[in-house]
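In: Task: produce atomic coordinates for the following.
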Amino acid sequence: MPQAADPPEPVRPDTPVSPWRASGRAAWARYGPGAVFAMVLAIVTLLALPPAEGLRTPVFEIGSVADETIIAPFAFRVPRPAADVARERERIREAVQPLFVFDSTALDSVRARVAQLAEALDSVRLVEDPTDRATALRVVQRQASRAGVTLTEEEAEWLAFPSRRAALLTAVRRTFERTLADGVAASRGLDAAPGSVRILRRGEERTVSTDAVQSWSDVLRVARSLHPQVSSPVADGAYQHLLSGLFIPSLRFDSATSAARRDEAAAAVQPWRFDVRSGEKIIGEHEVVREEDHARLVALRDAVASGVGGAAGVRRLVGAFLLDLAVLSIFVITLAFYRPEIYAQPRALLVLGASIAVVLLGAALALRGSTVPGSLIPVGAAALLISILFDSRIALVCALVLAVLVGVQPAFRGGGTLFFVLTGGAAAAFSVRALERRTQFVSSILALAGAYVAAALVAGLAFGWSGDEVVQAVLFGAMNAVVSVALAMALHPAAEDICGVDTYLKLLEWSDLNRPLLRRLALEAPGTWAHTLSMANLVESATRAVGGNALLARVGTYYHDIGKLEKPGYFVENQVRGRNPHDQLKPAASAAIIRNHVREGLALAAQHKVPRSIRAFITEHHGTGAISYFLEKARERDASVSGLGEFSYPGPRPQSIETAICMLADGVEAATRVLPDPTPTRIREVIETIVRSRIEQGQLRDAPITLQQLEVVKDEFVRVLSAMRHSRIDYPGPDGINAGRRTGNTPVLTAS
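Out: So this is what the prediction gives:
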């Protein structure tokens with residue numbers, strides 16, 4: 001015997017439970033979303049509307065008269081012009097004395113190099129053979145080059161003679177002995193000296209005039225006095241080359257230390273002119289603004305713009321954050337106590353938070369765009385969207401919180417901002433309570449624009465605005481109305497999908513009978529489709545009578561039996577007379593097919609993205625009731641068969657008025673369809689029996705429907721079914737033969 005798999009657990013709407021009753025590990029699940037919601041929005045508020053924007057930082061021109069007293073709210077410094085600081089630092093860098101370090105080994109190194117060169121050249125002997133002579137000269141040049149001396153061919157030939165060479169090398173050695181011992185500096189570091197230098201010698205550092213420091217020119221002067229062959233140009237050239245090639249300065253320029261000292265001295269140049277203490281008067285009212293006062297005002301404005309404020313700035317930021325958090329917590333607590341079903345849904349909180357964030361960002365832009373910024377804050381967009389998705393009361397509470405949240409910001413204190421935001425938010429919240437037509441947005445625009453016009457006139461009188469300011473507020477308010485409503489329209493579909501709220505417009509879209517699922521139902525299961533249409537009239541009428549959502553009731557009924565599309569022939573309303581496939585199956589298998597139309601309906605609904613509120617009709621219209629026909633057939637075979645499990649629907653029981661009425665209408669419509677004499681009395685008897693049976697079975701236990709409402713439902717069922725099941729006259733056909741039965745000359749009444 002085939003066994004069907006158990007259907008998945010149906011989606012149940014969350015039961016509203018006050019979050020303040022939670023304890024233990026569930027505390028975070030209850031309190032966490034609200035705490036995160038408030039803290040994130042407080043941070044967004046702080047970023048969008050920093051407290052520094054509320055500080056008064058006017059800058060009066062030099063020579064003008066200040067019209068108010070400006071006091072420094074925190075300590076700050078008045079900077080010097082960057083060009084002046086750069087010039088001063090460069091001047092200081094140039095004034096720093098370069099450091100030279102005395103190298104006591106320089107003279108010994110020079111002596112060694114001179115002796116080494118002399119020894120190398122002593123091995124060279126000139127001969128008369130021209131070929132050997134050229135080779136010898138090249139050897140002289142090569143040996144000199146190894147010592148760092150570059151010689152011409154004539155100079156090499158001169159030095160090849162021992163007597164000449166000895167005289168020149170002796171003069172070179174004596175020159176260096178006379179100069180290097182006292183210290184000789186290279187010209188590279190000395191040329192950049194500002195007039196004096198620092199010399200480090202044997203651990204002691206002292207300042208010496210640049211003129212007192214020996215340089216290469218002093219070496220050349222001493223060398224000239226010791227020149228052995230002044231009259232010979234070749235000897236003079238060789239002498240010069242030997243001096244420059246063998247020279248090692250005994251005062252070494254310490255470039256790294258000198259550069260570090262220059263940088264240190266330049267960094268010591270202060271980039272500010274003077275300090276201003278917290279609470280110090282910058283300029284008094286009616287005082288003439290001097291150049292110094294102007295510099296202080298500019299510095300204060302720049303410090304505020306950059307968020308500088310020291311400890312006072314930090315305290316102001318912390319205080320602003322806590323103030324914003326306190327205001328937003330009021331909204332969170334209101335949701336938790338009075339709308340727990342919204343508070344319990346993170347997606348709903350996400351939509352609410354995004355709506356509030358949009359208003360805060362709009363407030364930040366409005367602050368820069370008008371002298372009357374309150375008329376530009378798009379609070380209407382958030383209030384309108386929340387009113388459509390949830391209800392007007394929550395939208396009004398949100399508007400109140402936004403008005404306070406924006407109004408307490410330093411930048412918006414005064415000027416009627418709180419009044420504008422409150423008026424616009426309230427008008428938007430009540431302009432659309434249930435969106436049933438797109439044209440209702442036009443009414444919202446008119447209501448919101450009218451509210452802003454009234455607010456501008458009242459604020460103009462209360463705050464003494466000029467005519468231009470009132471006109472500006474009116475124009476900006478009208479523009480704000482159009483933008484806010486357009487923004488709400490644009491965000492509405494996405495917000496609706498995110499938070500899972502099925503509005504009137506969405507239900508209206510799903511009521512289209514040309515949707516694929518409904519077209520399939522009409523074509524593939526015409527009996528079920530006829531039953532569905534009849535039920536929809538019943539459910540809609542009864543739901544409207546008790547104050548429920550009539551459109552949801554009708555649309556949900558359209559889809560309640562879509563699971564029968566998988567096996568339409570196994571349901572009696574779709575069967576041809578005399579052909580019942582269940583005759584070939586065991587009762588348990590038949591019951592599984594009947595029960596599984598709930599699971600298969602959920603699968604189709606998920607595939608076609610049917611809204612959750614409509615899916616509830618699929619799972620709840622049978623509740624957990626028994627599949628009685630096949631249960632009785634099973635008991636005829638085995639009396640021990642239980643009515644639970646395989647012979648009952650998976651449920652759950654109806655959770656709403658709409659699904660409860662759908663359950664009752666399902667049984668009533670099917671039962672009255674087979675009544676031989678459907679009089680109102682017979683119809684009422686059937687309805688009473690079915691309603692009483694559902695109550696006794698406990699199927700209405702979870703539905704929020706009262707006994708008084710059940711009486712109204714029964715009355716509506718009787719009224720509608722009496723009209724649907726009315727009798728008709730059996731008229732004769734065109735050939736004179738009655739289309740139906742006749743008794744004598746009296747037409748027989750038959751059920752339609």
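
In: From the contact counts, what lies against the longest helix along the chain?
Out: Of all the segments of type helix in the chain, defined by DSSP state H, the longest one is helix 467-499. In terms of contact count using 3 or more C-beta pairs under 8 Å, 6 or more residues apart in numbering; DSSP states H and E, helix 467-499 is assigned the packing partners helix 346-366, helix 379-389, helix 417-431, helix 440-463. Placement of C-beta: from N, CA and C, glycine included.

In: got the angle for it vs helix 379-389?
Out: Orientation check (axes from the mean of the first three to the mean of the last three C-alpha atoms, to 10 degrees): helix 467-499 against helix 379-389 gives 30 degrees.

In: returning to that earlier point: out of the helices and strands packed on helix 467-499, the one nearest Ile618 is which?
Out: Ile618 lies closest to helix 346-366 among those, at 22.1 Å (C-beta to C-beta).

In: Would you mind getting the angle between the closest one and helix 417-431?
Out: Using the same axes, to 10 degrees, one finds that helix 346-366 and helix 417-431 are set 140 degrees apart in direction.

In: tell me which strands and helices the very next helix or strand once past the longest helix of the chain is in contact with?
Out: Using DSSP states H and E, the helix or strand that follows helix 467-499 in sequence is helix 504-510. Counting contacts by 3+ C-beta pairs under 8 Å, 6+ apart, helix 504-510 is packed against helix 550-559, helix 612-620.

In: In helix 504-510, which residues are buried?
Out: Across helix 504-510, burial judged by 16 or more other C-beta atoms under 10 Å covers 504-507, 510.

In: same question, stretch 452-460
Out: By neighbour count on 16+ other C-beta under 10 Å, the buried set for stretch 452-460 is 452-453, 455-456, 459-460.

In: go on, stretch 398-415?
Out: 398-412, 415.

In: Which single one of those residues is nearest to His286?
Out: For those, the nearest to His286 is Gly415 (24.7 Å; C-beta to C-beta).

In: picking that back up, looking at the buried residues of stretch 452-460, spot the one nearest Ala536.
Out: Distance to Ala536 across those (C-beta to C-beta) is lowest for Tyr452, with 43.3 Å.

In: how near is Met39 to Glu153?
Out: For Met39, the distance to Glu153 equals 90 Å [C-beta to C-beta, to the nearest Å].

In: rewinding a little: in a markdown table, list the buried residues of stretch 452-460 along with pLDDT and distance to Phe476.
Out: Listed next are those as a markdown table, based on pLDDT from 0 to 100; distance: C-beta to C-beta, whole Å:
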| residue | pLDDT | distance to Phe476 |
| --- | --- | --- |
| Tyr452 | 90 | 8 |
| Val453 | 92 | 11 |
| Ala455 | 90 | 11 |
| Ala456 | 89 | 9 |
| Ala459 | 86 | 12 |
| Gly460 | 86 | 13 |
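
In: tell me which residues of stretch 241-259 are tucked away?
Out: For stretch 241-259, a neighbour-count test (16+ other C-beta under 10 Å) marks 241-243, 245-254, 258 as buried.

In: now Ala235, nearest residue through space, not along the chain?
Out: Spatial nearest neighbour of Ala235, excluding adjacent residues (C-beta to C-beta, 6 or more residues apart in numbering): Gln229 at 3.5 Å.

In: Quick one: neighbours of that neighbour, just the number.
Out: Gln229: 16 surrounding residues under other C-beta atoms under 10 Å.

In: So for Val404, what's the nearest residue that isn't a sequence neighbour?
Out: Nearest non-adjacent residue to Val404, counting by C-beta to C-beta, 6+ apart: Val327, 5.3 Å away.

In: buried stuff in stretch 461-471?
Out: Neighbour counts using 16+ other C-beta under 10 Å place 465, 469-470 of stretch 461-471 among the buried residues.

In: can you redo those residues as CSV with distance to Tyr343 and pLDDT?
Out: Below are the buried residues of stretch 461-471 laid out as CSV (distance: C-beta to C-beta, whole Å; pLDDT from 0 to 100):
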residue, distance to Tyr343, pLDDT
Trp465, 41, 80
Glu469, 41, 83
Val470, 41, 88
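
In: for the buried residues of stretch 398-415, which one is nearest Glu658?
Out: The closest of the buried residues of stretch 398-415, once distances to Glu658 are taken by C-beta to C-beta, is Cys398, at 27.4 Å.

In: circling back to that earlier point, for the buried residues of helix 504-510, which one is nearest Ile687?
Out: Among the buried residues of helix 504-510, Leu507 lies closest to Ile687 (C-beta to C-beta), at 26.8 Å.

In: Now do the same contact list for the closest one.
Out: 551-552, 555, 611, 613-614 (C-beta atoms under 8 Å, 6 or more residues apart in numbering).

In: how about a cut-off of 7 Å?
Out: The contact partners of Leu507, by C-beta atoms under 7 Å, 6 or more residues apart in numbering, come to 551-552, 555.

In: Include pLDDT and neighbour count when you put those residues into a markdown table, please.
Out: Below are the contacts of Leu507 laid out as a markdown table (pLDDT from 0 to 100; neighbours: other C-beta atoms under 10 Å):
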| residue | pLDDT | neighbour count |
| --- | --- | --- |
| Leu551 | 91 | 20 |
| Leu552 | 93 | 26 |
| Val555 | 95 | 28 |
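
In: any chance you could map the strands in the stretch 101-250 of the chain?
Out: If DSSP state E, counting those that start in this stretch is used as the criterion, the strands of the stretch 101-250 of the chain fall at 196-201, 204-209.

In: Among the ones you listed, which comes closest to Ala522?
Out: Taking C-beta to C-beta, strand 196-201 is the member of these nearest to Ala522, at 103.9 Å.

In: What is the neighbour count of the nearest residue to Ile627 once chain neighbours are set aside?
Out: Nearest residue to Ile627 in three dimensions, chain neighbours excluded: Ala591, at 4.7 Å (C-beta to C-beta, 6+ apart). Residues near Ala591, counting by other C-beta under 10 Å, number 26.

In: Now do Ala591, the pLDDT please.
Out: Listed pLDDT for Ala591 reads 83.

In: One more: Gly369?
Out: Gly369 is assigned 63 on the pLDDT scale.

In: do the same with Lys281
Out: pLDDT, read off for Lys281, is 85.

In: Looking at the helices and strands packed on helix 504-510, spot the one closest to Asp677.
Out: By C-beta to C-beta (comparing all of the helices and strands packed on helix 504-510), the closest turns out to be helix 550-559, at 26.8 Å.
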